[in-house]
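# dropping the sequence and predicted coords here.
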Amino acid sequence: MSFRPVTGVVIAALASVVGRPVRAHVDYVTDPEAETMDAVAFLVDVLADPFNAAVFLVSGLAITVGIGAYLWVRPTVTDIVVLREKLASYGDLVPWMLRLAVGLPLIGAGFEGYLFAPTVTFNVGANPLLRVLFIGLGFFILFGLATRIAATVGLVTYAWAFVTEPSVVLAVEYVPIFLALFVLGGGRPSADDMLLEVASTDGSIYGRIDPVHLLKAYLDSRTRPLRLYVPVILRVGMGASFIYLGLIQKLAQPSSGLAVIEKYDLTAVVPVDPGLWVVGAGVSEIAVGVALIAGFFTRGAAATSFVLFTVTLFGLPDDPVLAHVALFGMASAVFTLGAGPLSFDRWFGRPAVGEDESVIPAD
């Protein structure tokens, strides 16, 4: 390194956080055929630099102290208590968030001709049924019509796509959202909710000819006990996505990350070694993923993710927007719901009002 002023050290210490816009699916903005590198040798070489090692040590210590301080004062800060309780009151809107999060990109996938991930394309002319399937699924989920059936079809379609083309794992965020929608149904506002109200009213003509509302009522009652675990499904799914992106797309394939840095001249934004950008991004994503899976500092991790997705869209102009809509929706839902059960936050924290029994109200 030719620069070592104090201001440079401060900027570099933030690289592991600011550098995470590199977290974008690098396959979307780089050549997937880029030259491969020895990942272990690359990691050792980057951290062998005393300056880089110091940055990791100092920034890691600072983040650890910051989280510890927050956990210490959290129960006494009125603003945080009120915010958490207000967020918990938005639980009934989560199905709507998730429907928007997958409905819009599914429609886009159908029109553009790709399977969930923009890098997995198909010949639209040769596969018109796939186009109809994706567009149809998108509109059904977006409107909240036969939501559980559409979510099930979506899961089956994703499983088929994964077997056909494993690289569709880039869009693994669809899986937890489909699972959550199967448990929750369409929620409100939704076509399912409207039609159920009409069909359930005495004297309804529609109720006499539509037996589907009976199926919805049955599934609502059967899935009600599972609603408590929707936050677990979402945060674990989101955490797995982060770990995949950090471990597989960054640390295991450093050449792709370096290509992103070179393409967008990111060292001009934060003047540090390109290798530090890549390693910092990968380690940070893995840390966020582990925190989400463990349910540790969950809302903080979700909020950080949301900010990073936003910065990514502005920082990497040719990164496809629709590829991130599902992640935006999932981050919003996790931020709203918190960690839920089976989490560090629940075992060692204090649930907000509305989080302790029924996370999401029944329809």
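Right, received. Where do you want to start?
# what's the helix or strand for the residue lying closest to L337 once chain neighbours are set aside?
Excluding the flanking residues, the one nearest L337 by CB to CB, 6 or more residues apart in numbering is P231, at 4.2 Å. No exception for glycine: its C-beta is placed from N, CA and C like everyone else's. When secondary structure is defined by DSSP states H and E, P231 falls within helix 230-243.
# and the helix or strand where T310 lies, what does it pack onto?
In this assignment (DSSP H and E), T310 forms part of helix 298-315. Counting contacts by 3 or more CB pairs under 8 Å, 6 or more residues apart in numbering; DSSP states H and E, helix 298-315 is packed against helix 230-243, helix 274-294, helix 322-337.
# hey, C-alpha coordinates of that helix in CSV?
The C-alpha coordinates for helix 298-315 follow below in CSV (Å, rounded to 0.1, in the frame of the first residue of the first chain):
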residue,chain,number,x,y,z
THR,A,298,-32.1,-9.9,13.5
ARG,A,299,-33.7,-6.5,12.8
GLY,A,300,-30.3,-4.9,12.6
ALA,A,301,-29.1,-7.4,10.1
ALA,A,302,-32.2,-7.0,8.0
ALA,A,303,-32.0,-3.2,8.1
THR,A,304,-28.4,-3.4,7.0
SER,A,305,-29.3,-5.7,4.2
PHE,A,306,-32.0,-3.4,3.0
VAL,A,307,-29.5,-0.5,2.9
LEU,A,308,-27.0,-2.5,1.1
PHE,A,309,-29.5,-3.7,-1.6
THR,A,310,-30.4,0.0,-2.2
VAL,A,311,-26.8,1.1,-2.4
THR,A,312,-26.1,-1.8,-4.8
LEU,A,313,-28.8,-0.7,-7.2
PHE,A,314,-27.4,2.8,-7.4
GLY,A,315,-23.7,1.7,-7.3
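# just give the nearest non-adjacent residue to the residue most central in space within the chain, would you?
Residue closest to the average C-alpha location in the chain (CA atoms, centre = their mean): L327, at 3.3 Å. Closest residue to L327 apart from its sequence neighbours, by CB to CB, 6+ apart: E173 at 5.4 Å.
# what separation do you get for that neighbour and F309?
E173 sits 11 Å away from F309, going by CB to CB, to the nearest Å.
# intersection of neighbour lists for those two?
L327 (CB atoms under 8 Å, 6 or more residues apart in numbering).
# more crowded one of the two?
The neighbour count for E173 versus F309, taken as other CB atoms under 10 Å, is higher for E173 (27 against 18).
# tell me who's in contact with that one.
Neighbours of E173 in contact, by CB under 8 Å, 6+ apart: G237, M238, S241, A326, L327, M330.
# swap in 10 Å and give it another go.
Applying CB atoms under 10 Å, 6 or more residues apart in numbering, we find E173 in contact with 101-102, 105, 116, 234, 237-238, 240-242, 323-331.
# and D38, what's its pLDDT?
Per-residue pLDDT puts D38 at 79.
# I appreciate the help and will end here.
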